[in-house]
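[1] return atomic coordinates for the entry below.
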Amino acid sequence: MGRIRKKVLGQTAYYHLMSRTVNGEALFGAREREVLRKMIWQVCDFSGVRVVTYAVMKNHFHILVEVPSEGTVVSDEEIVRRYRRLYPKPTPWQPLRAEVLAGELKRDSLEGRELRKDLLRRMHDISTLMKTLKQRFSLWFNRSRERFGPVWSERFKSVLVEGDRWALRTVAAYIDLNAVRAGLVSDPKDYRFCGYAEALAGSRIARAGLGVVDKDLAGYRQTLYRSGAAEKDGKEPISREEALRVLQEEKGKLPLAVILRCRVRYFTDGMVLGSEKFVEEHLKTMKDRGIRPRRSHPMSGADWQGLSVGTGLRKDLFG
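    Here you go, the predicted structure:
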């Protein structure tokens, strides 16, 4: 993806971000996933971006983020707090101590003004966020493994998601069900590297993130398990292959929660996701900026309650 600023009609914006390891290799054990989980919170805090939910897997990760609207004011005290979060100690790449930064900002010196400008430029920007996160993790990973070379494959993917609660809840559920789709757990609460499990474990910041999509965790769990998502009578839920058969051969719709337990390309390969009006508005702004024109497509395969996507994936819903 190219550089993506927070400018979305002057409003708070939501993005589903995803990146995969080189060649899709399962490089991450429990230790690596835990380090990446902590880095997600750290880098997003510095960026001033709220994590709605996330999932860290063996070869990729997903984050659903809320980006503040353009013009959001960040005080010098907040700049220093965020800086200290990202750089608790001086490093060869960033030797400036937080105390020195605070002094320069307070004096409003020439150096302080330049530092303020540079740090603010890096905030509220998902391209910079992902670059920082992936570079930091790659450095740690290669050093811990005594290896060199790339960790991540192509540039990250991003899907602009409408701020409507239904659209956000649907994308969040897709993310938190990653470990279920991979067969690692039967219940997302048992997978420690996702936002839902972290919220259930008592994390206030994770609970606050999911508060964006539902008023409480009980309501969100109903989204995760509605319409037969859990096992019934000791039987496994419907498989991806069975879902494809029903959709392609029988032309039938499946319960939404069942579809969410399959890998659906809408959530990773789309450009914009939300109501038809929302998608059309943002595709028009992309066209005005010279990006190849697209059009809105209603999402198929389940009752998506009016959700559309800004790219044509109707021939193959699944990845």
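
[2] what does the closest residue to residue 13 other than its chain neighbours show for phi and psi?
    In this structure, residue 13 finds its nearest non-sequential neighbour in residue 67, 4.6 Å apart by C-beta to C-beta, 6 or more residues apart in numbering. To be clear about C-beta, it is placed using only N, CA and C from the backbone, and glycine gets the same treatment. In terms of degrees, to the nearest 10, the main-chain angles of residue 67 are phi -110, psi 130.

[3] one more: residue 62?
    Torsion angles, degrees, to the nearest 10, at residue 62: phi -130, psi 140.

[4] likewise for the one 4 residues further on?
    Here is the backbone geometry of residue 66 (degrees, to the nearest 10): phi -110, psi 120.

[5] list the contacts for the residue lying closest to residue 272 once chain neighbours are set aside?
    Nearest residue to residue 272 in three dimensions, chain neighbours excluded: residue 310, at 3.6 Å (C-beta to C-beta, 6+ apart). Neighbour list for residue 310: 160, 270, 271, 272, 273, 279, 282, 283, 294, 295, 296, 297 [criterion: C-beta atoms under 8 Å, 6 or more residues apart in numbering].

[6] returning to what we had before: gap between the residue nearest to residue 13 and residue 33?
    25 Å (C-beta to C-beta, to the nearest Å).

[7] with residue 49 instead?
    Residue 49 is 21 Å from residue 33, by C-beta to C-beta.

[8] look at the two and report which has more neighbours.
    Between residue 49 and residue 33, counted using other C-beta atoms under 10 Å, the more crowded position is residue 49 (23 against 18).

[9] how about low-confidence regions in the protein?
    Residue ranges of the chain with pLDDT under 70: 1-10, 226-252, 287-294, 312-317, 319.

[10] check which helix or strand the residue positioned nearest the centre of it maps to.
    Nearest to the mean C-alpha position of the chain, by C-alpha atoms, centre = their mean, lies residue 63 at 1.9 Å. Applying DSSP states H and E as the criterion places residue 63 in strand 60-67.

[11] same for that strand, what does it pack against?
    On a contact count with 3 or more C-beta pairs under 8 Å, 6 or more residues apart in numbering; DSSP states H and E, strand 60-67 meets strand 13-20, helix 30-47, strand 50-56, helix 126-145, helix 165-176.

[12] for residue 98, give me its contacts.
    Neighbours of residue 98 in contact, by C-beta under 8 Å, 6+ apart: 80, 83, 84, 87.

[13] 10 Å instead?
    Neighbouring residues of residue 98 by C-beta atoms under 10 Å, 6 or more residues apart in numbering: 79, 80, 81, 82, 83, 84, 85, 86, 87, 88, 89, 90.

[14] same check, this time on residue 174
    Contacts of residue 174 (C-beta under 10 Å, 6+ apart): 16, 53, 55, 62, 64, 181, 224, 259-264, 266-268.

[15] what about 8 Å?
    Counting by C-beta under 8 Å, 6+ apart, residue 174 has contacts 260, 264, 267.

[16] which of those residues fall in strands?
    Among the contacts of residue 174, no member falls in strands (criterion: DSSP state E).

[17] if we can go back for a sec, quick one: which of the helices and strands packed on strand 60-67 is nearest residue 109?
    helix 30-47 (22.5 Å; C-beta to C-beta).

[18] wait, the residue nearest to the centre of the chain sits on residue 17?
    Yes: the pair residue 63 / residue 17 is scored as a contact, 4.7 Å apart, by C-beta atoms under 8 Å.

[19] sec struct for residue 82, please.
    Under the three-state scheme (DSSP: H, G, I helix; E, B strand; the rest coil), residue 82 adopts helix.

[20] neighbours of it, how many?
    When neighbours are counted by other C-beta under 10 Å, residue 82 comes out with 19.

[21] cool, residue 23 as well?
    Neighbours around residue 23, by other C-beta under 10 Å: 9.

[22] for it, what are its contacts?
    Here residue 23 is in contact with residue 153 (C-beta under 8 Å, 6+ apart).

[23] over to it: give its phi and psi.
    phi 60, psi 10.

[24] okay, and residue 91 sits in which element?
    Using DSSP H and E, residue 91 falls outside every helix and strand.

[25] would you map out the domains in the chain?
    For the chain, the structural domains run 76-123, 226-319, going by automatic domain parsing.

[26] now render those domains as JSON lines, adding distance to residue 217.
    Output for the domains of the chain, formatted as JSON lines (distance: least, C-beta to C-beta, whole Å):
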{"stretch": "domain 76-123", "distance to residue 217": "26"}
{"stretch": "domain 226-319", "distance to residue 217": "14"}
